[in-house]
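Peer 1: For reference, the sequence and a predicted model appear below.
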Amino acid sequence: MVIPTLEGKHVPDVTFKTRVRNGSIGGDNPYRWQDVTTTELFRGKKIVLFALPGAFTPTCDGTHLPGYERLYSELKAAGADDVYCLSVNDAFVMNRWGKSLDIIHVKLIPDGSALFTKGMGMLVRKDDRGFGERSWRYSAFIEDGVITKAFIEEGFSDNHIPDPFAVSNAETILEFLKSRKYEL
């Protein structure tokens with residue numbers, strides 16, 4: 001498989017099926033469904049997006065998402081309006097995962113049907129682990145819906161072992177944003 005070229009492309013036009021808290025709903029599950037479009041998420045904003053194979057998996061759970069949460073304020077100070085974490089998981093899984101890690105700042109985006117991931121050209125098969133279709137690990141800086149910079153992990157392919165994690169971390173994109181501030 002050839003690593004997709006993301007820089008200069010627009011993010012795919014998709015609608016995410018999300019769950020949002022609603023105080024008027026009682027019980028153990030006070031959430032309602034809400035459609036959120038890529039236009040709503042990206043138009044007129046500077047966004048750090050990182051995508052990963054799956055919630056509750058070792059690298060994603062122990063390092064990738066926590067690293068972005070830890071550096072959230074620094075990413076914003078360096079020019080990002082917000083930080084989104086995307087995974088080919090449903091809204092229930094993403095919400096529970098965020099709660100389990102006490103995620104407060106990073107917005108978790110459920111790409112349950114993999115429409116965004118397919119549109120980005122970043123969909124891979126992980127049948128060797130029983131995951132099915134998942135996102136390849138990457139991060140990107142997106143301005144007004146256009147991908148300015150992307151950091152894609154090496155080895156882009158189906159059933160790739162090991163799962164690389166060297167350039168899509170929070171430190172790499174933070175370094176990019178800090179260097180970019182001096183170029184403007």
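Peer 2: Cool, the structure landed. Residues are numbered from 1 along each chain as shown.
Peer 1: Below-threshold pLDDT in the chain: ranges please.
Peer 2: By pLDDT under 70, the weakly predicted segments of the chain are 181-184.
Peer 1: for the residue nearest to residue 72 when sequence neighbours are not counted, what are its contacts?
Peer 2: Computed as CB to CB, 6 or more residues apart in numbering, the closest residue to residue 72 that is not its neighbour in sequence is residue 105, at 4.0 Å. Quick note: C-beta positions are derived from backbone N, CA and C, even for glycine. Going by CB atoms under 8 Å, 6 or more residues apart in numbering, residue 105 touches 69, 72-73, 83.
Peer 1: need the longest helix for this protein.
Peer 2: Taking DSSP state H as the assignment, the helix of the chain that covers the most residues is helix 170-183.
Peer 1: Is it correct that residue 92 is in contact with residue 17?
Peer 2: No: the criterion here is CB atoms under 8 Å, and residue 92 misses it with residue 17 at 10.3 Å.
Peer 1: about what we covered before: just the contacts of residue 105: which are in helices?
Peer 2: Among those, DSSP H puts 69, 72-73 in helices.
Peer 1: need those residues in TSV with distance to residue 59 and neighbour count, can you?
Peer 2: Output for the ones in helices among the contacts of residue 105, formatted as TSV (distance: CB to CB, whole Å; neighbours: other CB atoms under 10 Å):
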residue	distance to residue 59	neighbour count
69	15	18
72	19	19
73	23	10
